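**Q** Sequence first, predicted coordinates after that:
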Amino acid sequence: MELLHLEGLVKRQQGHDAAAEACWQQIVGDSNRGGGHFASLDPGLGGYVTRHNLAVLYRDQRRHADADAQWRAALNERPDYVPAWVGLAELYLELERWSELDSTLERLQELLDARLEVALLRGRKHWKRHEFAFGRKVLEAGIAEFPQALGLRELLSDLMLDSRDWPGAEQHLRAVLSLVPEHRAARQNLEFVLRAQRDGD
């Protein structure tokens, strides 16, 4: 099983998605049939980990129903598996299935090690819906709890740019650069914001 799993990862990295899918489908198929030879150091490889890999592959291929099914199967086996919950939430966010996204985030909120992911996903939801004030509130609360989380600061600076809040964008872009001084996108955006403020745009 470990060799099949690794082969699938290598094929995926090489861009051979069909071959990767075949490897991982063999694992979950044999596991479903009760294959006794799957005594792994990582029991997740026989089920939820491999199903998560399949779901990511299907999502990237825009096979949304297949991705949904694999993540749900993974969670039936391991209800506290955060990557599968995050995968489902990102899928519902992409598809704008808001009620399913909200229920998924509520479940994620119950997992103590997923608060950062919930803040990011809630912020992305509000940004996508142009609910800038709500998004800012969510992201600022997340930053207060996770001050070193680069993703939260990047997302908040993007939200400020989109809402044309130049002082807010400047503040948060400078915060991104304080964490990653070589952050090219943040530096370019900061130059844009400073010009906009200088020109009165």
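**A** Structure received.
**Q** does L190 really touch A175, like I thought?
**A** No. Using C-beta atoms under 8 Å, L190 makes no contact with A175, being 10.7 Å away. Where you see a C-beta, it was placed from the backbone N, CA and C, and this is true even at glycine.
**Q** Just the buried positions in stretch 184-201, please.
**A** A186, N189, L190, V193 (16 or more other C-beta atoms under 10 Å).
**Q** got the CA coordinates for that stretch in CSV?
**A** Taking Å, rounded to 0.1, in the frame of the first residue of the first chain, the C-alpha atoms of stretch 184-201 are listed here in CSV:
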residue,chain,number,x,y,z
ARG,A,184,7.1,40.8,-4.2
ALA,A,185,3.3,41.1,-4.6
ALA,A,186,3.0,43.0,-1.3
ARG,A,187,5.8,45.4,-2.3
GLN,A,188,4.2,46.0,-5.7
ASN,A,189,0.8,46.5,-4.2
LEU,A,190,2.2,48.9,-1.6
GLU,A,191,3.8,51.0,-4.4
PHE,A,192,0.3,51.1,-6.1
VAL,A,193,-1.4,52.1,-2.9
LEU,A,194,1.1,54.9,-2.2
ARG,A,195,0.7,56.3,-5.7
ALA,A,196,-3.1,56.1,-5.3
GLN,A,197,-3.0,58.1,-2.1
ARG,A,198,-0.6,60.6,-3.5
ASP,A,199,-2.7,61.1,-6.6
GLY,A,200,-5.9,61.2,-4.7
ASP,A,201,-7.5,58.3,-6.5
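**Q** so for that stretch, what's the average pLDDT?
**A** Stretch 184-201 comes out with an average pLDDT of 91.
**Q** what's in contact with it?
**A** Residues outside stretch 184-201 that contact it (C-beta atoms under 8 Å, 6 or more residues apart in numbering): E154, S157, L161, W166, P167, A169, E170, L173, R174, V176, L177, V180.
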